[in-house]
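Novice: how would this look folded up:
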Amino acid sequence: MQWYYANDNQRMGPVGEEEFQRLVTSGIVRADTLVWRQGMANWMRYAEVAPTIPPPLTAAAAPLTSNPAAVATSPVEGAAAPAASPFAPAAAPFTYPQSHYAAPRPAPRFHFGGFWIRFVAKFIDGLILNVVCLVPIFVYASTRLRGIENFDPNDPEIFITVMKYEGLLFLAYIGLSFAYNWFFLAKFAATPGKLALGLRVVRADGSALGRGRIIGRYFAEFLSRFIFNIGYIIAAFDDEKRALHDHICDTRVIKKKAES
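Specialist: Sure thing, here's the model as predicted:
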């Protein structure tokens, strides 16, 4: 069983049962220390949880006396110190803010985006990239290649020219699609196609994707395409609707977050 405890206004733990009992014995966890373990509704003082509290392993306290002027001898240094008065009011124990030590919450539950809604979102993103972004590139390439049919088709220079512009088109598409995914995932946690359908891309715990994960997910998606789109089809059969690149980068596509 794992324990959490408050120490110097900080939440500590988790620690196992044996280690927790050592903390109790050594006096780190005291009667007024706030503690929590699984099954408890909220944090409580240890005195309210434990049936018996073993005494801490500390030096013996000086005996009390009814005479406030009397002194007690320290058993360690041998120095004289004023004895505590039995009539002095006991100091009230410090109470930690309960909200600061709220019990650890379980992982959130999500409504995952299924195969078909992700397919439509990907289709919308494809239209934006191919129609809006790549049309100027194709216009530029066709302008530069105008009149090429007048040359001998067996001329190796024609083949080299065509391949050069094919390579430029491919590199332009990679650069544009990378910038497209980077910007929208970093700023909105979703591309325009996913935003239009109320989808978001998050990590397993619901947090936003970091820069490295955005880059890794973009290139991992190529693997889903290269194996005849099987990487995308996996999402139709996965319990959390994850495609292959989601498995690789530990991401989820969700529709709406449900509080646990």
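Novice: Which of the three states applies to residue 208?
Specialist: When classified by DSSP: H, G, I helix; E, B strand; the rest coil, residue 208 comes out as coil.
Novice: For the spatially closest residue to it that is not a sequence neighbour, give me its contacts.
Specialist: Of all residues not flanking residue 208 in the chain, residue 189 sits nearest, at 5.5 Å (C-beta to C-beta, 6 or more residues apart in numbering). From N, CA and C alone the C-beta is placed, and that goes for glycine too. By C-beta atoms under 8 Å, 6 or more residues apart in numbering, residue 189 lies in contact with 200, 201, 202, 208, 209.
Novice: quick one: average confidence on stretch 214-231?
Specialist: Mean pLDDT, computed over stretch 214-231, is 93.
Novice: Pull out the buried positions in that stretch.
Specialist: Within stretch 214-231, the residues that qualify as buried are 214, 215, 216, 217, 218, 220, 221, 224, 231, counting by 16 or more other C-beta atoms under 10 Å.
Novice: Distance from the chain centre to stretch 212-231, please.
Specialist: Put simply, stretch 212-231 sits 21 Å off its chain's centre (C-alpha atoms, centre = their mean, to the nearest Å).
Novice: Residue 26: which of the buried residues of stretch 214-231 is nearest?
Specialist: Comparing those against residue 26 with C-beta to C-beta places residue 216 closest, at 45.4 Å.
Novice: tell me the secondary structure for the closest one?
Specialist: From three-state DSSP, the assignment for residue 216 is helix.
Novice: Name the nearest residue to it, sequence neighbours excluded.
Specialist: The nearest residue in space to residue 216 (C-beta to C-beta, 6+ apart) is residue 249, at 5.1 Å.
Novice: do you know how far that neighbour is from residue 41?
Specialist: 37 Å (C-beta to C-beta, to the nearest Å).
Novice: out of these two, which sits in the more crowded spot?
Specialist: Regarding residue 249 and residue 41, a neighbour count based on other C-beta atoms under 10 Å identifies residue 249 as having more, with 21 against 7.
Novice: you'd agree residue 117 is up against residue 236?
Specialist: No - here residue 117 does not reach residue 236: they are 11.3 Å apart, not a contact under C-beta atoms under 8 Å.
Novice: Between those two, which has more neighbouring residues?
Specialist: residue 117 (17 against 13).
Novice: The more buried one: which element?
Specialist: helix 115-127 (DSSP states H and E).
Novice: Which SSE is immediately downstream of the helix or strand hosting residue 187?
Specialist: Per DSSP H and E, residue 187 falls inside helix 156-188. Going down the chain from helix 156-188, the next helix or strand is helix 192-196, by DSSP H and E.
Novice: Next one: residue 233 from residue 122, what distance?
Specialist: From residue 233 to residue 122 the distance is 12 Å (C-beta to C-beta).
Novice: neighbour-wise, which of the contacts of residue 189 leads?
Specialist: Going by other C-beta under 10 Å, residue 201 tops the contacts of residue 189 with 24 neighbours.
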